[in-house]
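Enquirer: model the following, please.
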Amino acid sequence: MVVVGLGVASMFAPLTFIFVIAAVGALAVVIARPHFGLALLVPALFFEADIYSLTLPFGRLRFYHVLVVALFVRVLIDLLRGARAWRKTPLDLPLLLYLILNWATVALAPDPSIAIKIAALISLLALLYWTVTQLVTTSKHFLLQAELLLLASLGVALFGLFQIFAVWLASHIDLTLWSGPIIHGDVLPYGRPYGTFVEPDWFGTTMAAAFVATTLLSFTKAFKTKQVELTLVSLVLLIATVLSGVRGGWLAVLISLPVMLLIHRYRLKLLDTKLLGSLAVLVGIVATLTLAFTPSVREALIDRTTTLVSADTLYDEPRFLIMQDGWELFLEAPWLGRGPGAYTTLGTIPYVTQLSALLYGIENFQTNAILTVLIDTGLIGLLVVVMLGVRFVKTTWRGLRQPPKSSKEAEIQAVLFCLAGAALTLLLAYQVSTGVWLGLTWYLGSLIISGSLLRSSIKKNHAA
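Expert: Numbers count the residues shown, from 1 in each chain. Here you go, the predicted model:
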């Protein structure tokens, strides 16, 4: 019966077919093995584009939404059966407070329907956090999740590069390999890649974070035997980051990599950086040769880079105008904010008329993570987020600073350090870009906390 149902669904709509599979898979997760569902969750988090979702009256349903709910249900079933104990984490309290605050401020929102959708999304992301921290409790599961995250990032990077190649190929020999939309063809000659995401910004910031993590991992002493493979992966991720044209991602890389190298040098001593200079030279040679034979791409990237040091950017760039508008909205209700998603209703889109926004389906969105919190939940919300951030940093540092006593512990420490580099990159990029409510962002934070708690538990076991 299941096979027949899948066959009938595939005849009518590919997306229906996909989500029937997702529903069957989610049911299997609840009944059978939760770690299989957790492995599916990693690649599912990358499929954020609308084409990979179903449109429902209350919003869009994505594959990972189904998996998160199913996995959390399985966790609850295990708790009720006494098969597992609830794993307390330092982030539980501030996260719960932030959830309550978001639902409480729905009444203040100019459009309650949007506020409810955002509050529901944040609730789902909180379930994602608790699901990952409850299920990733062993070194085997932690390292597997990190490996899947690396492979998924590489796959999406290659798909993004394929999008550019397909557009280039179609323009030169009239051969169509891919028929997806071309985004920002006026910025880069063959458009900006977006992979499986909605827009290039999400793709670029994700690739930037993955590049930082993989580059650091390639120089860790624990993974020295895999340095060549990891270096090749990092080069692919670097190319994807550069060609995405996401300046926030570029700046985040330029800041986060030196910061992590300083932490290594003065505190942790996890890396073997003897070949770092050679790699930098290799990257420079590859970049120079590539740009030398692609003058149109070179000119576009140079033009985009010069805007980073131009004072006019602060006054003309849409995202900075959006920040200024957001700051004014925050000042109107500084303590409790205007409710979740308020900027979507109250904000303005620079250089876009209301008629154009309506015709082309352009929505308002705030491009600064801190302002998003301030507009939605005010200074009280920011205070809760700061509490959450402080606990996150303390827990991560506690997991990193303990010297490893085995090769497996060294691997966990190295991966945790690299994931922290990726998180720092995202944090910096999200100050001039969107993505703070991406499931992938919350998954990364959840995995870091899981690894940190795992390191802390190893320390306690050695002490005992």
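Enquirer: centre of the chain to stretch 126-133, how far?
Expert: 15 Å (Cα atoms, centre = their mean, to the nearest Å).
Enquirer: how close does Phe223 get to Ile349?
Expert: 45 Å (Cβ to Cβ, to the nearest Å). C-beta here means a position set from N, CA and C on the backbone, and glycine is covered the same way.
Enquirer: do the same with Pro94
Expert: 33 Å.
Enquirer: what do you get for Thr307?
Expert: Thr307 is 19 Å from Ile349, by Cβ to Cβ.
Enquirer: equivalent analysis for Ile182, please.
Expert: 21 Å.
Enquirer: okay, helices next: where are they in the stretch 101-250 of the chain?
Expert: Applying DSSP state H, counting those that start in this stretch to the stretch 101-250 of the chain gives helices spanning 112-135, 139-173, 200-218, 227-244, 247-263.
Enquirer: Ala300 contacts Leu188, correct?
Expert: Yes: here Ala300 reaches Leu188: they are 4.8 Å apart, a contact under Cβ atoms under 8 Å.
Enquirer: okay, and the common contacts of those two?
Expert: Gly245 (Cβ atoms under 8 Å, 6 or more residues apart in numbering).
Enquirer: look at the two and report which has more neighbours.
Expert: Leu188 (24 against 20; other Cβ atoms under 10 Å).
Enquirer: is it correct that the more buried one is in contact with Val297?
Expert: Yes: counting by Cβ under 8 Å, Leu188 touches Val297, with 6.5 Å between them.
Enquirer: what is in contact with those two at once?
Expert: Leu243.
Enquirer: that older thread, so between Thr307 and Ile349, which is more surrounded?
Expert: When neighbours are counted by other Cβ under 10 Å, Thr307 and Ile349 differ, and Ile349 comes out ahead with 17 against 12.
Enquirer: that one in helix, strand or coil?
Expert: Here Ile349 is recorded as coil under DSSP: H, G, I helix; E, B strand; the rest coil.
Enquirer: how about Arg60?
Expert: Quick answer, by three-state DSSP: Arg60 is strand.
Enquirer: point out where the stretch 251-400 of the chain drops to low pLDDT.
Expert: 290, 293-294, 296, 308-315, 351-363 (pLDDT under 70).
Enquirer: would you mind measuring from the residue lying closest to Leu150 once chain neighbours are set aside to Leu40?
Expert: Excluding the flanking residues, the one nearest Leu150 by Cβ to Cβ, 6 or more residues apart in numbering is Thr214, at 6.5 Å. Thr214 sits 22 Å away from Leu40, going by Cβ to Cβ.
Enquirer: likewise His141?
Expert: 14 Å.
Enquirer: who has more neighbours, those two?
Expert: Leu40 (21 against 17).
Enquirer: from what I can see the more buried one touches Leu67, true?
Expert: Yes: using Cβ under 8 Å, Leu40 is in contact with Leu67, at 6.1 Å.
Enquirer: just the CA trace of stretch 339-346, in CSV.
Expert: C-alpha atoms of stretch 339-346 as CSV (Å, rounded to 0.1, in the frame of the first residue of the first chain):
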residue,chain,number,x,y,z
GLY,A,339,6.3,41.7,18.2
PRO,A,340,7.8,38.9,16.1
GLY,A,341,8.3,39.8,12.5
ALA,A,342,7.2,43.4,13.0
TYR,A,343,9.6,44.7,10.4
THR,A,344,7.9,42.8,7.6
THR,A,345,4.8,45.0,8.2
LEU,A,346,6.3,48.3,9.4
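Enquirer: residues making contact with that stretch?
Expert: So stretch 339-346 is contacted by 102, 105-112, 114-119, 122, 326, 329, 338, 363-366, 372, 375-377 (Cβ under 8 Å, 6+ apart).
Enquirer: go on, stretch 183-195?
Expert: Contacts for stretch 183-195 (Cβ under 8 Å, 6+ apart): 46, 49, 156-157, 159-161, 163-164, 167-168, 171, 182, 199-200, 202-204, 240, 243-245, 296-297, 300-301, 304.
Enquirer: repeat for stretch 452-459
Expert: So stretch 452-459 is contacted by 87, 89, 133, 136-139, 142, 395-396, 398-400, 402, 405, 409, 412-413, 416 (Cβ under 8 Å, 6+ apart).
Enquirer: buried ones in stretch 126-146, by neighbour count?
Expert: Of the residues in stretch 126-146, 126-136, 139, 141-146 count as buried by neighbour count, 16 or more other Cβ atoms under 10 Å.
Enquirer: before we move on, what about stretch 323-332?
Expert: Those would be Met323, Asp325, Gly326, Leu329, Phe330, for stretch 323-332 by 16+ other Cβ under 10 Å.
Enquirer: can those go into a markdown table with extra columns for distance to Met260 and secondary structure?
Expert: Formatted as a markdown table, the buried residues of stretch 323-332 follow (distance: Cβ to Cβ, whole Å; DSSP: H, G, I helix; E, B strand; the rest coil):
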| residue | distance to Met260 | secondary structure |
| --- | --- | --- |
| Met323 | 27 | helix |
| Asp325 | 34 | helix |
| Gly326 | 30 | helix |
| Leu329 | 35 | helix |
| Phe330 | 32 | helix |
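Enquirer: Lys381 reaches Leu97, doesn't it?
Expert: For the record, residue 381 is Gly, not Lys. No: at 9.4 Å, Gly381 does not count as touching Leu97 under the criterion of Cβ under 8 Å.
Enquirer: hmm, Leu276 is touching Ser218, no?
Expert: No: assessed by Cβ under 8 Å, Leu276 is found out of contact with Ser218, at 9.7 Å.
Enquirer: comparing these two, which residue is more hemmed in?
Expert: Using other Cβ under 10 Å as the criterion, Leu276 and Ser218 rank with Ser218 on top: 25 against 14.
Enquirer: check contacts around the more buried one.
Expert: Lys226, Gln227, Leu230, Thr231, Val233, Ser234.
Enquirer: just checking, what packs against whichever strand or helix holds Ile370?
Expert: Here Ile370 is covered by helix 369-401, with elements defined by DSSP states H and E. Counting contacts by 3 or more Cβ pairs under 8 Å, 6 or more residues apart in numbering; DSSP states H and E, helix 369-401 packs against helix 92-104, helix 318-332, helix 342-346, helix 407-429, helix 439-463.
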